[in-house]
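*Asks:* Quick one: sequence and predicted model below, then my questions.
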Amino acid sequence: MSGIMEKINRNWWVLPILAFACALMCLLIISVLGGPRLLAGLEPDLRKDIYSSLTGSSSGLLGFALAAVAILSAFAPKVNAQGSNRRREREMAEARNDIAKCLIVTSLFLMLILVMSTIGIGIDSERGGNRPISAVIISASFASLVGLLISGLGVTLSILERNDQSR
């Protein structure tokens, strides 16, 4: 168990993928066992309004996440650092790369929400809703939330570490 936790600690980007897979599995099982739930259980007009809202929200967050990746990738370790400072700079660069990887995976899920919501606006007009579209959108939303929280935590820890080093 500690080996798995150590691998997850080194690869934060895996957590949003695991969150998506678990949520999708649970939602598909629930939709097979019962009637339409969540988005699929809503009236078609209300569902289309929610799809439109999700399209706008996910595109805004997608832009934010990609901008953060661009900013993080622009920072390189200081070339003139010596000794222990060089090691710290290398560690900080690795941490920025890990955060950027997690944000890229999160961006993929935000793009999935954007695409599936746009498809849902066009084809999801039935009374019972489209259960697979609903399950994918909700699972991708959960995975995006996990990815943004992990990335935010990583940035916060990186800033705190940087502040501790400057003292």
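*Replies:* Okay, I see it. The shown structure was predicted, so the numbers you read here are calculated from the model rather than taken from an experiment.

*Asks:* Residue ranges in this structure under the pLDDT threshold?
*Replies:* Applying pLDDT under 70 to the chain picks out residues 1, 9, 35-36, 76-84, 165-167.

*Asks:* which element is R47 on?
*Replies:* Using DSSP states H and E, R47 maps to helix 44-74.

*Asks:* quick check: longest helix of the protein.
*Replies:* Counting residues, the longest helix found in the chain (DSSP state H) is helix 84-123.

*Asks:* elements contacting the helix holding R47?
*Replies:* Packing partners of helix 44-74 (3 or more CB pairs under 8 Å, 6 or more residues apart in numbering; DSSP states H and E): helix 84-123, helix 131-166. From N, CA and C alone the C-beta is placed, and that goes for glycine too.

*Asks:* List the buried residues of the longest helix of the chain.
*Replies:* 88-89, 92, 95-96, 98-114, 116-118, 120-121 (16 or more other CB atoms under 10 Å).

*Asks:* That helix vs helix 44-74, what angle?
*Replies:* On the basis of axes from the mean of the first three to the mean of the last three CA atoms, to 10 degrees, helix 84-123 is oriented at 160 degrees to helix 44-74.

*Asks:* Between helix 131-166 and helix 84-123, find me the angle.
*Replies:* 160 degrees.

*Asks:* Quick check: I104 touching V69?
*Replies:* Yes: counting by CB atoms under 8 Å, I104 does reach V69; the two are 5.9 Å apart.

*Asks:* before we move on, back to that, how about CSV for the helices and strands packed on helix 44-74, with distance to L46 added?
*Replies:* Below are the helices and strands packed on helix 44-74 laid out as CSV (distance: least, CB to CB, whole Å):
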stretch, distance to L46
helix 84-123, 12
helix 131-166, 13
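
*Asks:* So which of the ones you listed is nearest G3?
*Replies:* Among these, helix 84-123 comes nearest to G3, with 18.7 Å by CB to CB.

*Asks:* Please state the offset of that closest one from the chain centre?
*Replies:* 7 Å (CA atoms, centre = their mean, to the nearest Å).

*Asks:* tell me the phi and psi of G129?
*Replies:* Taking degrees, to the nearest 10, you get phi 80, psi 170 for the backbone angles of G129.

*Asks:* could you measure it against A40, distance?
*Replies:* 3 Å (CB to CB, to the nearest Å).

*Asks:* And for L153?
*Replies:* 32 Å.

*Asks:* Could you check which of those two is surrounded by more residues?
*Replies:* A40 (23 against 13; other CB atoms under 10 Å).
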